[in-house]
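K.L.:
sequence plus the predicted model coming up.
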Amino acid sequence: MKNVKYNFGSDYIEGCHPSILNKMQQTNLTQQTGYGEDDYSIEAKNIIRKAINNHDAAIHFVAGGTLANLIVASACLRPHEAIIAPNSGHINTHEAGAIESVGYKILPIDTDDGKIVVSDIRQVLDNHNLGPHVVKPRMVYISNSTELGTVYNRSELKMIYDFCKENNLILFVDGARLGAAISANGDKLRMEDMAEFTDVFYIGGTKNGALLGEAIVINNKALQQDFDFFIKQKGGLISKGRTIGIQFLVLFADDLFYKLANHANSMTKIMVDAFTNRGVKFFVDSKTNQIFPILPNLLIEELMRDYGFYIWKKYDDNSSIIRIVCSWATPKEAVDEFVSDVINKL
């Protein structure tokens with residue numbers, strides 16, 4: 001990584017919250033059973049079940065998001081079944097064809113804000129009604145928050161879930177940035193809603209203060225059987241499962257998971273408010289820790305000498321959309337300095 005004042009490129013650039021390191025140090029020499037059967041993982045699962053208000057949920061810890069997506073698809077789908085997803089969905093853009101590599105076709109839906117609605121899903125179903133001559137849509141994949149930082153609230157999630165139930169579809173939510181979504185949406189989205197209105201979702205730790213790790217939550221009992229076999233077969237069952245269990249145990253103690261997400265969101269809000277007051281436009285209306293301001297190309301070039309961030313895509317001949325991401329560890333001083341540099345150079 002080049003030498004910059006601060007890197008706003010992603011929310012997993014730092015290691016992990018110090019409380020996690022402390023807990024790992026404290027428990028380091030305690031002998032425990034492997035493969036997720038340790039005391040810490042078991043306790044973490046029970047805490048998560050309580051947080052989602054579903055004591056019948058099956059919970060499995062894996063190392064990363066792509067692995068979680070691959071395992072869920074493999075466990076839930078038959079070879080001729082396909083996944084409906086927004087065109088910006090992580091499985092469709094940033095996973096090197098992981099889903100297709102095991103034989104499942106992705107049916108992308110064009111969307112400007114990263115979100116899909118019931119009418120989008122219905123249209124895909126209508127276009128795939130030729131029996132065995134086409135793939136059979138079986139799973140709906142969405143992210144919350146989305147790849148563009150937008151959020152499905154409770155009512156939007158429920159509408160999609162109800163439609164999926166009516167049409168024998170599985171709803172799977174990629175929760176790599178679920179903390180950001182819940183923190184941004186107040187009482188319009190709670191962790192309990194994720195359990196009530198999904199078949200499967202996962203809670204992202206990697207992008208919210210963990211060193212690594214995601215917690216797959218299976219609410220649909222029909223999908224729980226033999227799931228651990230799929231984890232093992234896909235290389236996701238690690239012997240030192242305690243390393244992930246301990247992290248989620250710490251994240252869900254004293255609401256640390258939500259506090260970290262709230263900090264990340266609050267840092268980008270400082271930028272949004274300041275840039276909006278200066279007349280800067282945004283590609284989408286994001287209230288999470290990812291924002292997409294539209295800036296002049298000359299200014300972007302100048303800023304990139306001092307800061308790390310991504311150029312999302314060209315907006316017009318003279319300006320582009322950039323992606324700014326704040327994390328649980330982003331210092332307010334870095335945000336204030338970036339805001340000052342942008343405003344002074346506009």
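P.N.:
Cool, the structure landed.

K.L.:
any low-confidence regions in this structure?
P.N.:
1-2 (pLDDT under 70).

K.L.:
strands of that one, start to end?
P.N.:
Using DSSP state E, the strands found in the chain span residues 6-7, 58-62, 81-86, 106-109, 136-143, 170-174, 200-204, 214-218, 281-282, 290-291, 293-296, 307-308, 310-314, 319-325.

K.L.:
list the buried residues in stretch 313-321.
P.N.:
Buried residues in stretch 313-321, counted by 16 or more other Cβ atoms under 10 Å: 315, 319-321. C-betas here are computed from N, CA, C, even on glycine.

K.L.:
which residues are in contact with that stretch?
P.N.:
For stretch 313-321, contacts defined as Cβ atoms under 8 Å, 6 or more residues apart in numbering pick out 283, 292-297, 300, 311-312.

K.L.:
quick one: end-to-end distance for it.
P.N.:
5 Å (Cα to Cα, to the nearest Å).

K.L.:
now do the contacts for Met24.
P.N.:
Counting by Cβ under 8 Å, 6+ apart, Met24 touches 243, 246.

K.L.:
give me that answer again for 10 Å
P.N.:
Counting by Cβ atoms under 10 Å, 6 or more residues apart in numbering, Met24 touches 16, 40, 211, 242-243, 246-247, 250.

K.L.:
just the buried ones from the contacts of stretch 313-321, in ChimeraX syntax?
P.N.:
In ChimeraX, a selection of the buried entries from these looks like this (16+ other Cβ under 10 Å):
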select :283,292,293,294,295,300,312
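
K.L.:
list the buried residues for stretch 80-95?
P.N.:
Neighbour-count burial for stretch 80-95, counted by 16+ other Cβ under 10 Å, picks out 81-86, 88-92, 95.

K.L.:
output that stretch as CSV, nothing but the C-alphas.
P.N.:
C-alpha atoms of stretch 80-95 as CSV (Å, rounded to 0.1, in the frame of the first residue of the first chain):
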residue,chain,number,x,y,z
HIS,A,80,-30.1,-27.2,-12.3
GLU,A,81,-31.1,-24.4,-10.0
ALA,A,82,-30.0,-20.8,-10.2
ILE,A,83,-29.6,-17.6,-8.1
ILE,A,84,-31.3,-14.3,-8.7
ALA,A,85,-29.1,-11.4,-7.6
PRO,A,86,-28.6,-7.7,-8.3
ASN,A,87,-26.0,-7.1,-10.9
SER,A,88,-23.8,-5.4,-8.4
GLY,A,89,-24.0,-8.3,-5.9
HIS,A,90,-20.7,-9.6,-4.6
ILE,A,91,-21.3,-13.1,-6.0
ASN,A,92,-21.7,-11.6,-9.5
THR,A,93,-18.8,-9.2,-9.5
HIS,A,94,-16.0,-9.9,-7.0
GLU,A,95,-15.7,-13.6,-6.4
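
K.L.:
give me the number of residues near the nearest residue to Lys5 once chain neighbours are set aside?
P.N.:
Counting by Cβ to Cβ, 6 or more residues apart in numbering, Asp306 is the residue found nearest to Lys5 once chain neighbours are left out, at 4.8 Å. Asp306 has 13 neighbours, counted by other Cβ atoms under 10 Å.

K.L.:
swap in Ile246?
P.N.:
Using other Cβ under 10 Å, Ile246 is surrounded by 26 other residues.

K.L.:
ditto for Ala68
P.N.:
28.

K.L.:
my guess is it meets Gly204, correct?
P.N.:
Yes: Ala68 lies in contact with Gly204 (Cβ atoms under 10 Å); the separation is 8.7 Å.

K.L.:
hey, what's in contact with both of those two?
P.N.:
174-176, 213-215.

K.L.:
just flag the most distant two among these.
P.N.:
Asp174 and Gly213 (14.7 Å; Cβ to Cβ).

K.L.:
want to throw the strands of the chain into CSV with distance to Ser266?
P.N.:
Shown next, in CSV, are these (distance: least, Cβ to Cβ, whole Å):
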stretch, distance to Ser266
strand 6-7, 16
strand 58-62, 28
strand 81-86, 27
strand 106-109, 31
strand 136-143, 21
strand 170-174, 23
strand 200-204, 18
strand 214-218, 24
strand 281-282, 17
strand 290-291, 12
strand 293-296, 17
strand 307-308, 19
strand 310-314, 21
strand 319-325, 14
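
K.L.:
please identify the most buried of the ones you listed.
P.N.:
Stretch with highest mean neighbour count among the strands of the chain: strand 200-204 (a mean of 28; mean count of other Cβ atoms under 10 Å).

K.L.:
could you dump that one to CSV, C-alpha only?
P.N.:
Taking Å, rounded to 0.1, in the frame of the first residue of the first chain, the C-alpha atoms of strand 200-204 are listed here in CSV:
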residue,chain,number,x,y,z
VAL,A,200,-30.3,-18.0,5.5
PHE,A,201,-28.1,-14.9,6.3
TYR,A,202,-24.7,-14.3,7.7
ILE,A,203,-23.3,-11.8,10.1
GLY,A,204,-20.1,-10.3,8.9
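
K.L.:
parallel or antiparallel, list what pairs with that strand.
P.N.:
Strands that pair with strand 200-204, judged by DSSP bridges, come out as strand 170-174 (parallel), strand 214-218 (antiparallel).

K.L.:
all good on my end, thank you.
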